[in-house]
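Make a model of this:
(4 chains, ligands or ions: 2)
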Amino acid sequence: MKIPPFKEINPPTKDGFWINKKTKERFGGQYISPLLVPNLKRVEKGFFKAIKDKKFMRELNEELLSFIGVNTPVHFSPELTKLAGGEKKIGKIYLKRTDLHTNHSHKPVSAYSCCKLAKYLGFKKILTETGAFQNGRAVASACAALGLDLDIYVGANDAKKLAINKDISALHGANIIEVHDSTKSLLPAMAAALRAFQSEPDSMYVVGSVAGPHPYPLMVRTFGSVIGRITKKQFKNLVGKDPSTIFSVCGGGSNMLCISYPYLKTKNTKIYAVESAGKGLKTGKHGATIGGGGKIGILLGMQSKVLLDGENIAESFTEASGLDFSSIGTEVAFLQSVGRIKFLTATDLEAKKTFMMMARKVGLICAIEACYVIHAAIKEIRKIGKPKQNHLIHLCGAGEPNVAQMMEHMKKNK
Amino acid sequence: MKIPPFKEINPPTKDGFWINKKTKERFGGQYISPLLVPNLKRVEKGFFKAIKDKKFMRELNEELLSFIGVNTPVHFSPELTKLAGGEKKIGKIYLKRTDLHTNHSHKPVSAYSCCKLAKYLGFKKILTETGAFQNGRAVASACAALGLDLDIYVGANDAKKLAINKDISALHGANIIEVHDSTKSLLPAMAAALRAFQSEPDSMYVVGSVAGPHPYPLMVRTFGSVIGRITKKQFKNLVGKDPSTIFSVCGGGSNMLCISYPYLKTKNTKIYAVESAGKGLKTGKHGATIGGGGKIGILLGMQSKVLLDGENIAESFTEASGLDFSSIGTEVAFLQSVGRIKFLTATDLEAKKTFMMMARKVGLICAIEACYVIHAAIKEIRKIGKPKQNHLIHLCGAGEPNVAQMMEHMKKNK
Amino acid sequence: MSKLNNLFKEAKKNKKKIFIGFVTSGDPNYKSSKEIIKEMTKSCQIIEAGISFNTSTSDSPIIMEANDRAINSGMNMNKTFKLIREVKRETKTNTCFVIMTYLNPVKIFGLKKFINQCNFVGIDGVIIVDSNLNSPEEKILINGLSKKKIGYIKIISPTNDDEFIKLSIKNCRDSWLYITSYFGLTGSKNVNIDNVKKMVKRVRNYSKEIPVAVGFGVKTPSQVKQVSKYADGVICGSSIVNKVAEGHKKRLKGKKLATFVSSYVKKLSRGIKK
Amino acid sequence: MSKLNNLFKEAKKNKKKIFIGFVTSGDPNYKSSKEIIKEMTKSCQIIEAGISFNTSTSDSPIIMEANDRAINSGMNMNKTFKLIREVKRETKTNTCFVIMTYLNPVKIFGLKKFINQCNFVGIDGVIIVDSNLNSPEEKILINGLSKKKIGYIKIISPTNDDEFIKLSIKNCRDSWLYITSYFGLTGSKNVNIDNVKKMVKRVRNYSKEIPVAVGFGVKTPSQVKQVSKYADGVICGSSIVNKVAEGHKKRLKGKKLATFVSSYVKKLSRGIKK
Ligand SMILES: Cc1ncc(COP(=O)(O)O)c(C=O)c1O
Ligand SMILES: Cc1ncc(COP(=O)(O)O)c(C=O)c1O
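Residues are numbered from 1 along each chain as shown, chains lettered A, B, ... in the order given. Ligands and ions are numbered 1, 2, ... in the order given. Model (predicted):
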């Protein structure tokens, strides 16, 4: 299958804001030090030039198909359908197999695209941050393929957790920099990468989600929407119509937006995002920006919804490193604010149980991040409880990095 | 893409022998204890029935496409082409991305198919052996998806080496049995699985390569040839003709036969198999059945080429667990004997260097097994040294299980 | 008529049953093994000598370990022939000798050479566990051995079909039919008497003549006795090999080990006479 | 005209340069920080008080650590206003006060409330590192502050283009233009005098009037002196914060810590007078 072309259907203002006209809330922008302005401008201009450059886009699409392997299957899951109540009660549940990409998550699509853009713009080196090392690994692989240098910033605590993908990033030749600031997790790692971006004029920052200053959120979802564009066509071919619902997990929201974007104006398709409720929303130890009552704040160059602790950004908590983030992407926050996306949550324990269920009953080792959405989706689909519906769950990553963590869980629960 | 139908183009005799008419050498057969005869007959009959059963085959093909994801890309590799001397000197090098399957190797194709056959035939449980735990993991995933019980036999030494895939097999619910016999590697593990097969009448044995008693070698290559059937069509679409050469690694020979089978009668396509020369053929510490002068022997239910130590089977040696096997598949041995397949070797050190090169320059983390073939292919292609050739290398697996081993190598060689 | 045929015929005439002991040749080493086998000739009418193969696909863990001991001590086909020859010469025994092995050692040794050596040494029968009825090697062996009046023994088990049993009977005309009492590995379970009855009955449907001996899981004198009610011969294997292992662990050697093992074998063999 | 305008105008008239000291408010805690700032009023004509934000994207590690100390001691926007008010009351100093912070604390505190508090406390200028020229918040702040005659200070660096510099000059009409001597983070490198010369020249192309102060990497009295040749003001930050950290590690507190830090600040400030 060819990659269907991109169409802009939810543009931000030229300053990079998505504005809720009713509430006047703004999401996005470029909240950065003046030192970053020139570099960001170079990226912004370059991005708009590149996506209009036919040769660049043709090459990029070819490489996404062949190197990243974006043409992954959508398939009916009899097991999940049964689990949610059976076809007669709930219709059918389908999985989009983004876990089958090179590097095993959705991250490689935008990571590779952004790195290719960097090369196109003459940058020599990439700066990025990572939480679950899914983004780190994806960018490292892209940089190796494209001949770019790379510094990966990672919270010192995260660096300890996910040894495989960290090692793989190192094997790709990436330079890994541990960040010991504040919570030693994704948030300070992003801040550190942005700080580096204003110290190294020949380096381009690449973000791991649909977050950061304009044009990053726009760029990541535009490049990443390849997943959704292919899915939309596949689903139509397979089922004959668009899905009734799409469920994705939401850390920053990139995998959610990447698959859902082409459906934003598709009225009959409900879009769901699932956040990590960590140990439970009531415990305060969670990573649910919306579910946990996040407010508008300004961080990492953007205005978005964020979990606050006074005037500072609150610490998030979840066992899924990829969801350990106190904010969400700007366009995602906008879409939530205007009611286009409905938010749900699942706890760490529910996700771990779902991981085991997927391994035992479905035969798949899913990224722990994806297990939050599978759990919440089955619950919600059961609640919807209408036949002849076609539900799509985004299986956004493979679970190799979580194996050690899950073996512990299995031993404890034997 | 749909899976092109299977055509038998190299049938064995009805007793499961491939016979070299010139030398009178026979490869294959059913060298088993009478206790195994009824179970093998059930499998043999069932297999021939299943591949003629349209419903079974339609379902199987659908599941291979959607669950295993067999429609992986074939793509041009500019980097490898350059490395081999450049397009003007050697033509182009392409990679078949079998590493993008669910479970990240070629094994899941035949593993899933055989397990589905087992279910079709009413078996309740699967018995298999594993070396690199690529087969173990593949069968474990299939058994989880199909609701079958599973015992995996693994040499106690191998079990220590490849923790991730072992853990993943356990997460899928497999029962892992360590084999402490003789070399504690793949060979005694296979023997142990076959022994179990004659103790448990409700269990079906599934083999990890194109080896074992008839009909196993035939079954594995027939099911597994899905890879080659898709590749042949893809390659034609992409390049306009069949490849000049196909290079695959050869442990037992399954990945090699699975991709090469449809080309057996394609005169203009040369087929190469690459064995592990371990520490070097001259040291005697290797896993090269052909390269190391293997003779005809009888083991594990088959007559094939084998490395001998007097009347016993010699110990093989290589750092790639998936290649640590003193014999090769029966049809493979036949094809070598009649000159259809040319054999090459690469050492462990060459493979490890290639792993690093692939990670650093191509951006891919390849199964260490695949690195033997990449090394040998580049060398051979340079030797062929003709322009306008189209070379195909089978990238038969992803390298997550080898990361720990490679990190050590990287540290030592810094 | 072969010596094995004769043995069973005589026994039948006298309403007696045959006791068959299995031991791995060269376990734990050449010298001790020779002593063991020499001692065993006193209570076994037939001795099955196993020739080790390191990739055997039908042996229980007990016998796998014996294989390892034998191979590690340097045992092989040639030495087994030598050992049996020496035993026969030194004991002047009447006991029949049967070789049990896998096809690979035989094939590597050479099929013809193997047949000739069996003949030269005076081997009375051959069991090749993984030689299938359809293999070309099987045909060569059956023909070659039968010309030398050496018996070829086939194993059948409860799950084999009638077709297979009929063919096996035909191939065993110079020896006996080896019935396993259950579906599984040697020594892994206890003898299943129900199966024994059924199996003997099934065989008798096709041949009144062919001697049947039952093995797999016969471990005590009383089991020997029970089995001998239905079969012409009783085979004890794993439990004897286990005794060798036990003695070996106690660091017994040579004659001492032989006595330790053979006193156990004697007890087993008495199961028949009671 | 604002107090900052006045200060630079007077200085220019007298051919004098302005020394500006930066310190994180509440570092290492409220009490010690107050003493430090009180002491600093003796040698700084302008004090920049940093209000910590735990996700700052432009601070060097030295200032990140100061942020952590301040936040952990419970510091926030409100307490900073209180601290500066107390300092002013207790010292009756003439020193100007400038607040340096990020937009999130300001936005959460409330833009209007922030402007009012600045006015109430007598803050003379505001730097908000991540407030971009195009953001709606920036417009509200510039308008609100300018109505109260509070200066709004923008940072420009060698890589900014002329357009950006022109706009920044416009927005800084009530204060000064903050020139960074290099492209990078505060305190991460040494001052780059070549850049300083070039940057001042670029600014002067568009405005003869606007005062320029140079920061980033000025760490010694002689660097202060050098920079003061080209700029109207010199800003020392990281090296002062570093001194706070040093004293804190030595377990100095209150007045003692303040003396330790301010004696260093005094030395730096003398760079201007030499
Ligand atoms: C597999 C996977 N899914 C989801 C996420 C969450 O990020 P996002 O919501 O931006 O897709 C991550 C982040 O690392 C991830 O690795
Ligand atoms: C990735 C991979 N390649 C190759 C092999 C070798 O097996 P075969 O030659 O049968 O494909 C293995 C065996 O485990 C493997 O895991």
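
For chain D, what's the nearest residue on the stretch 201-350 of chain A?
A:Glu311 (3.7 Å; C-beta to the nearest C-beta). In this view, the C-beta of every residue, glycine as well, is placed from N, C-alpha and C.

pretty sure that residue contacts D:Asn104?
Yes - using C-beta atoms under 8 Å, A:Glu311 is in contact with D:Asn104, at 6.5 Å.

Which one of these two is surrounded by more residues?
D:Asn104 (26 against 23; other C-beta atoms under 10 Å in any protein chain shown).

Enumerate every residue touching the residue lying closest to that one once chain neighbours are set aside.
Leaving out its chain neighbours, the residue that sits closest to D:Asn104 by C-beta to C-beta, 6 or more residues apart in numbering or on different chains is A:Ile298, at 4.4 Å. Applying C-beta atoms under 8 Å, 6 or more residues apart in numbering or on different chains, we find A:Ile298 in contact with A:Tyr31, D:Tyr102, D:Leu103, D:Asn104, D:Lys107, D:Asp130, D:Glu137.

Would you agree the last one falls within a strand?
Okay, so that is D:Glu137. No - counting by DSSP: H, G, I helix; E, B strand; the rest coil, D:Glu137 is not part of a strand but helix.

sorry, back to before: using CSV, lay out the contacts of A:Ile298 together with secondary structure and pLDDT.
Output for these, formatted as CSV (DSSP: H, G, I helix; E, B strand; the rest coil; pLDDT from 0 to 100):
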residue, secondary structure, pLDDT
A:Tyr31, coil, 96
D:Tyr102, coil, 97
D:Leu103, helix, 97
D:Asn104, helix, 98
D:Lys107, helix, 97
D:Asp130, coil, 95
D:Glu137, helix, 95
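
Which among those count as buried?
Buried subset of those (neighbour count, 16 or more other C-beta atoms under 10 Å in any protein chain shown): A:Tyr31, D:Tyr102, D:Leu103, D:Asn104, D:Lys107, D:Asp130, D:Glu137.

picking up where we left off before, spit out the residues that contact A:Glu311 and D:Asn104 alike.
By the contact definition C-beta under 8 Å, 6+ apart, A:Glu311 and D:Asn104 are jointly contacted by D:Phe53.

still on that earlier bit, show me what the residue nearest to D:Asn104 is bridged to.
As for beta bridges, A:Ile298 partners with A:Gln303 under DSSP bridges.

which residues of the chain score low on pLDDT?
As the question left the chain open, I've gone with chain A. For chain A, applying pLDDT under 70 flags the ranges A:162.

Wait, chain C was what I had in mind.
Using pLDDT under 70, chain C drops low at C:187, C:273-274.

how about the strands of it, start to end?
Taking DSSP state E as the criterion, chain C carries its strands at C:18-24, C:46-50, C:96-101, C:125-128, C:151-152, C:154-156, C:177-180, C:212-215, C:233-236.

How many residues are close by the closest residue in space to the residue of the stretch 201-350 of chain A closest to chain D that isn't next to it in sequence?
In space, and not counting its chain neighbours, A:Glu311 is closest to D:Pro105: 3.7 Å by C-beta to C-beta, 6+ apart. D:Pro105 sits with 24 neighbouring residues when counted by other C-beta under 10 Å.

Distance to D:Asp27 and mean neighbour count added to the strands of chain C, as TSV?
Formatted as TSV, the strands of chain C follow (distance: least, C-beta to C-beta, whole Å; neighbours: other C-beta atoms under 10 Å in any protein chain shown):
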stretch	distance to D:Asp27	mean neighbour count
strand C:18-24	81	27
strand C:46-50	83	26
strand C:96-101	85	26
strand C:125-128	87	24
strand C:151-152	95	24
strand C:154-156	87	23
strand C:177-180	85	28
strand C:212-215	87	25
strand C:233-236	88	28
